[in-house]
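Q: Sequence below, structure please.
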Amino acid sequence: MVARSLHRPVDVHHHFRPMALLASAFALSSASLTAQVVIPLQMFASNQIGISVQLGTAPQPFTYLLDTGSVAFLSASGSSSYWDGAFASTTPGETFDISYGGGALRYQGIVAHTTLTFQTVGGGSFQVDNVRMGAITTPPAIHPTWNADINSDPPIAPESGQFFGTFGAGLNKSAATNGNFTSILGQIPLTGGLANGFVVHTGGAQSTSATLTVGLSQEMIDSFPILIAMNPLTGTNTNDNGTVVNLYPQAQTTANYSITHGLDSYHASADLILDTGGLDTYMTTGTELDPPGSLLDSGPSRIRDGSTFLVEVPATDNPFSQELAQPFEWLTSPTGTTAYENLISVFTGSGNGSLNSGIPIFYQYDVMFDTENGIIGLRPIPEPSALLLAALSGALAALIARTTKSRSRRSPHSCPTARGSNPP
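A: Predicted structure coming up:
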């Protein structure tokens, strides 16, 4: 979900109550992770991904939209006991005003710091101290029951009953006028030979086992057959908890695009945004990406039905292996009007132009963002039928193995006929 900033001052509402803690209570940084951690994610019918996080000493975790297309972690901030201890400190002089979806969803608030606790697959947990995030103090206008929802007993997620805000996992940094935020995932200290980065695994649209892996081992990177280069590094940022993160553009990579329909064809090179929060796939036109009207349908505007739409990114080197990586080729053919399958919407823009993958690409691939080495990995997710076939094949192989092993343990003297007939 790509953010559009409006850069306006905000009012701090009285319902925000930060926990009174001395600044010295913060450690410089969290205890470093020495091994990968795997965080469970929740797939919603709205084609969005949720991640649960506990803020400070608040009594329960809240669920947020996991969004690789934006960078800030912005949370509701209620006044009921469910929010006590959620924020350790705030900076009223530092504000943000960030909008999504062309301004339909607008968050306003102040910069805050706190400790975040994540649950991990298998029942464990880990904390990240002194993270920089945003506390929403002015409810979005499209959610008129926002304050009533977050202060109910128990709190109700004000966004479609699903989310208490947005967990930005983008690779860039927000503008100074919007809080100087970087992703929380870049504020997690790592050691033990782990590269900075993370992997989003949905398992498919109907999956119940989606996960987020934080920290990249060599084995993890080697497991991705498709490796492509990120757009060039834009610098680094030292976070408030002492961690240092590499920064990249909001559009993480650049792709080549080909559209064909009969004798008509179009080719271009422009930015590609891998965006879990972008919902369906859509193109924003601009100076570098502007297909002709002969390849478009209207009502709403989209790539012409029955076209072939190909996204290609050349392979880059694996930093840890001599094996050649594969290029990325994402084909939609034929295009049509079915959302999350073959619909490629087209919107008129004013910049260079880009393609936003939306969630569909994450239904088809595990996606790795290696911010230390500047590479993106993609690993195809098997179709459900293939998974079922693999499971059946595995079960059959195990049955055959057990049967063979059982037979091999039998001797002629142990079978009833050998033991019972012709005694010596």
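Q: mind listing the helices for this protein?
A: For the chain, the helices defined by DSSP state H cover 146-150, 218-222, 360-364, 384-409, 416-420.
Q: Least reliable of the ones you listed by average pLDDT, please.
A: Mean pLDDT values for these show the minimum at helix 416-420, a mean of 33.
Q: Quick one: residues contacting residue 48.
A: When contacts are counted by Cβ atoms under 8 Å, 6 or more residues apart in numbering, residue 48 touches 65, 162-163, 276-277, 279, 359. For every residue, glycine as well, the C-beta is placed using N, CA and C.
Q: Now, those residues that are in strands?
A: Counting by DSSP state E, these place residue 65 in strands.
Q: Could you report the pLDDT at the nearest residue to residue 221 once chain neighbours are set aside?
A: Nearest non-adjacent residue to residue 221, counting by Cβ to Cβ, 6 or more residues apart in numbering: residue 320, 5.9 Å away. pLDDT recorded at residue 320 is 82.
Q: circling back: make JSON lines out of the contacts of residue 48 and add neighbour count, pLDDT and distance to residue 383.
A: What follows is those, written out as JSON lines (neighbours: other Cβ atoms under 10 Å; pLDDT from 0 to 100; distance: Cβ to Cβ, whole Å):
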{"residue": "65", "neighbour count": "26", "pLDDT": "98", "distance to residue 383": "27"}
{"residue": "162", "neighbour count": "16", "pLDDT": "97", "distance to residue 383": "27"}
{"residue": "163", "neighbour count": "23", "pLDDT": "98", "distance to residue 383": "29"}
{"residue": "276", "neighbour count": "26", "pLDDT": "97", "distance to residue 383": "21"}
{"residue": "277", "neighbour count": "25", "pLDDT": "94", "distance to residue 383": "25"}
{"residue": "279", "neighbour count": "19", "pLDDT": "91", "distance to residue 383": "22"}
{"residue": "359", "neighbour count": "22", "pLDDT": "97", "distance to residue 383": "17"}
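Q: any chance of the contacts of residue 48 in CSV, with distance to residue 136 too?
A: Shown next, in CSV, are the contacts of residue 48 (distance: Cβ to Cβ, whole Å):
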residue, distance to residue 136
65, 13
162, 16
163, 11
276, 20
277, 16
279, 21
359, 24
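Q: ok, of the contacts of residue 48, which one's closest to residue 341?
A: Lowest distance from residue 341 to these (Cβ to Cβ) belongs to residue 359, with 11.6 Å.
Q: if I read this right, that closest one contacts residue 49, doesn't it?
A: Yes: when contacts are counted by Cβ atoms under 8 Å, residue 359 is listed as touching residue 49 (7.5 Å).
Q: Which neighbours do these two have in common?
A: Joint contacts of residue 359 and residue 49 (Cβ under 8 Å, 6+ apart) are 202, 276.
Q: how about the nearest residue to residue 279, chain neighbours excluded?
A: Distance criterion Cβ to Cβ, 6+ apart; nearest residue to residue 279, sequence neighbours excluded, is residue 358 at 5.2 Å.
Q: Next, the contact list for that neighbour, please.
A: Per Cβ under 8 Å, 6+ apart, neighbours of residue 358: 275, 278-282, 340.
Q: tell me the contacts of the residue nearest to the spatial centre of the chain?
A: For the chain, the residue sitting closest to the mean C-alpha position, by Cα atoms, centre = their mean, is residue 68 at 4.7 Å. By Cβ under 8 Å, 6+ apart, residue 68 lies in contact with 169-170, 200, 274-277, 367, 369.
Q: Top of the residues you listed by number of neighbours, please.
A: Most neighbours among those, by other Cβ atoms under 10 Å: residue 170, with 31 neighbours.
Q: close enough to count as contact, it and residue 185?
A: No: counting by Cβ under 8 Å, residue 170 sits too far from residue 185 to count as a contact (9.4 Å).
Q: What is the burial count for residue 348?
A: Counted with other Cβ under 10 Å, residues neighbouring residue 348 total 11.
Q: What distance do you get for the residue nearest to it when sequence neighbours are not counted to residue 360?
A: In this structure, residue 348 finds its nearest non-sequential neighbour in residue 285, 5.4 Å apart by Cβ to Cβ, 6+ apart. Using Cβ to Cβ, to the nearest Å, residue 285 is found at 20 Å from residue 360.
Q: do residue 281 as well
A: Applying Cβ to Cβ to residue 281 and residue 360 gives a distance of 5 Å.
Q: Thank you kindly, that will do.
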